[in-house]
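A.B. asks: What follows is a predicted protein model with its sequence.
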Amino acid sequence: MYILLVDDEEELVQTLAERLGFRGIEAEWATSAETALELVREKHFDIAVLDVKMPRISGIELMGMLKEQDPALRFVFLTGHGSEADFRQGSESGACFYLMKPVKLERLVEKLEEAIDGNNKHSPGEVS
């Protein structure tokens, strides 16, 4: 599994990438939408974990741009500022899961595995 983590909190994405690596999950990270777009142009990721609220381009807007570059890419939102409108928009756009910060690493790994296996049957965009 190859994951792209995108959040404007650099320490968070670095730590998550490192902790996922200890679990055998390869992860790269970006702190801006522009860097994320560049990485997806260069590499194929299985899942992008996106923060909803980021400067300049929101995670929801970024999801649409990344889908244009890689239609097979799956998405999980990880946010501390989720609103009902964001959840609805993310779900309608095809996000697999919508997780609230802080999230336990075990929970994130579980949802990443479900997203990769296509086991998000409960509801696209399940909030956890």
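C.D. replies: Everything's here; your move.

A.B. asks: Secondary structure class of the residue positioned nearest the centre of the chain, three-state.
C.D. replies: For the chain, residue 49 is the residue whose C-alpha lies nearest the centre (Cα atoms, centre = their mean; 1.2 Å). For residue 49, the assignment made with DSSP: H, G, I helix; E, B strand; the rest coil gives strand.

A.B. asks: Kindly report the same for residue 5.
C.D. replies: Classified using three-state DSSP, residue 5 is strand.

A.B. asks: Wait, residue 103 touches residue 79, no?
C.D. replies: No: between residue 103 and residue 79 there is no contact under Cβ atoms under 8 Å: 9.7 Å. Placement of C-beta: from N, CA and C, glycine included.

A.B. asks: Of those two, which one has the most company?
C.D. replies: Taking other Cβ atoms under 10 Å, residue 103 and residue 79 do not tie; residue 79 has more neighbours (21 against 18).

A.B. asks: distance of the more buried one from residue 72?
C.D. replies: Taking Cβ to Cβ, to the nearest Å as the measure, residue 79 falls 23 Å from residue 72.

A.B. asks: again, but for residue 113
C.D. replies: Using Cβ to Cβ, we find residue 113 at a distance of 17 Å from residue 72.

A.B. asks: Lovely, talk soon.
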